[in-house]
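Engineer: need a 3D model of the sequence below.
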Amino acid sequence: MAPTTTTLTAIADEKTLRASFVRDEDERPKVAYNQFSNEIPVISLAGIDEVDGRRSEICKKIVEACEDWGIFQVVDHGVDTQLISEMTGLAREFFALPPEEKLRFDMSGGKKGGFIVSSHLQGEAVQDWREIVTYFSYPLRTRDYSRWPDKPEGWRAVTQQYSEKLMGLACKLLEVLSEAMGLEKEALTKACVDMDQKVVVNFYPKCPQPDLTLGLKRHTDPGTITLLLQDQVGGLQATRDNGKTWITVQPVEGAFVVNLGDHGHYLSNGRFRNADHQAVVNSNCSRLSIATFQNPAPEATVYPLAIREGEKPIMEEAIPFSEMYRRKMGKDLELARLKKLAKEQQQLPELEKTKLDAKRLDQILA
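Structural biologist: Numbers count the residues shown, from 1 in each chain. As a prediction, this is how the structure comes out:
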């Protein structure tokens with residue numbers, strides 16, 4: 001599917017949803033964006049550095065959440081509230097810019113970083129109802145500031161600070177999971193080799209028919225761990241029974257939602273869940289979220305770091321992260337292609353019946 005050449009904010013006031021965003025019935029939202037659940041734990045990190053203090057209690061809560069959902073929220077995380085406010089405020093200013101300003105940083109065609117509607121992934125069967133800005137922020141040597149929007153003024157500098165603080169928080173959380181696996185606390189960070197960080201700023205405009213589409217389709221993140229900052233509107237949803245039931249995660253002011261990714265799932269030999277989630281939209285107001293993906297280097301080895309007694313490895317062989325990612329994306333696209341093909345084949349008898357009925361009508365009217 002060719003990328004949308006305009007922006008969503010330019011078409012958000014249309015009365016009907018464009019066909020490129022309409023999802024099959026089985027993929028459409030089942031739970032409202034503001035029907036909140038409190039099942040996802042909110043964990044305070046106050047005291048996490050106290051070796052003989054609250055650390056063990058905090059670690060226990062984080063491990064339980066990773067085993068149960070693969071998702072939890074953290075507060076008292078040490079990221080300055082003023083920095084969070086500046087980051088979200090400047091992001092909103094960017095998405096309010098005229099379409100031509102945003103499209104100066106169009107990242108379609110394989111460009112690394114910038115602005116796009118829906119996703120940078122090629123071959124999407126259906127588009128997501130969102131605009132995004134993507135920053136590739138780590139490793140530092142790979143930063144390409146020409147792909148970082150230069151408006152609004154000051155956003156680049158704030159994003160630099162934000163990405164640095166989030167890198168520190170992610171490493172602190174990975175230490176906890178390493179210790180829970182009986183490893184040295186740097187084990188998961190070292191397994192990433194030279195940790196990659198990608199910041200994706202999501203803007204979900206109000207949608208004319210939100211019951212027909214998704215802001216972000218169902219998926220698990222391929223990387224190690226993701227830190228998501230969301231506003232108070234609501235829209236992040238999670239499932240742990242393969243999509244049979246969904247919950248909408250309760251927004252918590254200033255909290256980060258932590259999602260474990262596929263890489264973290266494999267390193268733990270399946271002990272920690274990879275969070276199965278999606279984002280829904282609404283017709284009342286826009287929503288903003290900022291996802292910070294902490295990923296291993298492409299050459300990093302993907303294989304369980306700790307296999308408990310009586311368990312077998314959940315992977316047949318050790319592979320580079322680049323190969324794991326390639327297989328995952330290829331499988332997702334192939335499943336979408338097969339689904340589309342099955343749908344077309346299902347429609348063929350109906351099409352033939354319609355043609356036959358039309359032919360009979362022609363004979364009657366002849």
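Engineer: any idea how far residue 24 is from residue 217?
Structural biologist: Between residue 217 and residue 24 the distance is 11 Å, computed by CB to CB, to the nearest Å. From N, CA and C alone the C-beta is placed, and that goes for glycine too.
Engineer: okay, now residue 195: neighbour count?
Structural biologist: 23 (other CB atoms under 10 Å).
Engineer: more neighbours: residue 217 and residue 24, which one.
Structural biologist: Ranked by neighbour count (other CB under 10 Å), residue 217 and residue 24 place residue 217 first, with 19 against 12.
Engineer: correct me, but that one touches residue 27?
Structural biologist: Yes - counting by CB atoms under 8 Å, residue 27 is a contact partner of residue 217 at 7.0 Å.
Engineer: what touches both of residue 217 and residue 24?
Structural biologist: Counting by CB atoms under 8 Å, 6 or more residues apart in numbering, the residues touching both residue 217 and residue 24 are residue 126.
Engineer: grab the most central residue of this protein for me.
Structural biologist: residue 221 (6.1 Å; CA atoms, centre = their mean).
Engineer: which SSE is that one in?
Structural biologist: Counting by DSSP states H and E, there is no helix or strand that carries residue 221.
Engineer: so it versus residue 134, what's the distance?
Structural biologist: Distance check for residue 221 against residue 134: by CB to CB, it reads 14 Å.
Engineer: again, but for residue 93
Structural biologist: Counting by CB to CB, the gap from residue 93 to residue 134 is 17 Å.
Engineer: these two: who's more crowded?
Structural biologist: residue 134 (24 against 14).
Engineer: partner residues bridging the more buried one?
Structural biologist: residue 114, residue 200 (DSSP bridges).
Engineer: quick check: it touching residue 114?
Structural biologist: Yes - Residue 134 is in contact with residue 114 according to CB under 8 Å; the separation is 6.6 Å.
Engineer: which stretches in the stretch 251-366 of the chain count as strands?
Structural biologist: Counting by DSSP state E, counting those that start in this stretch, one finds strands in the stretch 251-366 of the chain at the ranges 256-260, 276-279, 287-295, 301-302, 319-320.
Engineer: and these, which is most packed in?
Structural biologist: strand 256-260 (a mean of 26; mean count of other CB atoms under 10 Å).
Engineer: now do it against strand 287-295, angle only.
Structural biologist: For strand 256-260 against strand 287-295, the angle by axes from the mean of the first three to the mean of the last three CA atoms, to 10 degrees is 40 degrees.
Engineer: for strand 256-260, which strands pair with it and how are they oriented?
Structural biologist: When DSSP bridges is applied, strand 256-260 pairs with strand 71-75 (antiparallel), strand 225-230 (antiparallel).
Engineer: please identify the most buried of the ones you listed.
Structural biologist: strand 225-230 (a mean of 24).
Engineer: what's it in contact with?
Structural biologist: 84, 87-88, 166, 169-170, 173-174, 236, 249, 251, 256-261, 264, 275, 287-294.
Engineer: wait, what's in contact with residue 155?
Structural biologist: Applying CB under 8 Å, 6+ apart, the residues near residue 155 are 90, 91, 93, 94, 148, 149.
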